[in-house]
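S.K.: I'll drop the sequence and a predicted model, then ask my questions.
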Amino acid sequence: MAKQKILICDDSEGVRESLKLILEKDYELIFASDGLEAIEKVKRKSPALVILDIKMPKLNGIEALKEMKKLIPNIKALFVTGYQYTDAAKDAVLLGALDYIVKPFKAQELKAAVKKILKK
C-alpha cells in the first residue's frame, strides 16, 4: 500500500527535522520552508495532509492554507504553533484546519493528531 503524502511547511529547519523523524516511517514526506513554496508543492504533489506553521516569512500558514484550499478544496491541514490558542489558531480552525498542536509537542501527540485527521 502506498504511503500517504504529507507536506510539512515550517520556516524552522529544526522543526522540519523533528517532524521528519517522527513521521518518515509511516508517511511519504514533502518539505517546504515557507508558504509560497508550500503552495507550489501542493500544486505538484497533491498531499493528503499539510502540516503548517502559522507564523512564517513571505506568506504565513493561514494565508497559504487559503490558497491551497483554492487548489484542493478538501485538503486537510494541521497547524503547529509556538503559541497557545490564539486568534491565529482560531482563524486556522475556522478556515478548515482540523487541529493544531502547540510547540514543543510530543511525538505521540503529533502521531495521534495526524492519524485522526487522515481518518476523517
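M.R.: Happy to help now that I have it.

S.K.: what's the distance between residue 99 and residue 57?
M.R.: 24 Å (CB to CB, to the nearest Å). No exception for glycine: its C-beta is placed from N, CA and C like everyone else's.

S.K.: Neighbour count for these two, which is higher?
M.R.: Using other CB atoms under 10 Å, the more surrounded residue of residue 99 and residue 57 is residue 99, with 18 against 10.

S.K.: low-confidence ranges in the chain?
M.R.: Within the chain, the stretches with pLDDT under 70 are 83-86, 88-98.

S.K.: biggest helix in it by residues?
M.R.: Counting by DSSP state H, the longest helix found in the chain is helix 107-119.

S.K.: Please list the outside residues in contact with it.
M.R.: 4, 6, 19, 22-23, 26-27, 48-49, 51, 76, 78, 98-99, 101 (CB atoms under 8 Å, 6 or more residues apart in numbering).

S.K.: Can you list which of those are found in strands?
M.R.: 6, 49, 51, 76, 78, 98, 99, 101 (DSSP state E).

S.K.: Out of those, which is nearest to residue 15?
M.R.: Taking CB to CB as the measure, residue 15 lies nearest residue 51 of the ones in strands among the contacts of helix 107-119, at 9.5 Å.

S.K.: What about residue 61, how many residues nearby?
M.R.: 31.

S.K.: What residues does it make contact with?
M.R.: Contact analysis of residue 61 by CB under 8 Å, 6+ apart lists 9, 35, 52, 53, 54, 55, 79, 92.

S.K.: hang on, isn't the first one packed against residue 39?
M.R.: It stands for residue 9. No: applying CB atoms under 8 Å, one finds residue 9 not in contact with residue 39, separated by 9.2 Å.

S.K.: about what we covered before: drop anything exposed from the contacts of residue 61.
M.R.: When the contacts of residue 61 are checked for burial by 16 or more other CB atoms under 10 Å, the buried set is 9, 35, 52, 53, 54, 79, 92.

S.K.: follow-up on the earlier one: which positions in the longest helix of the chain come out as buried?
M.R.: Buried residues in helix 107-119 (16+ other CB under 10 Å): 110, 113, 114, 117, 118.
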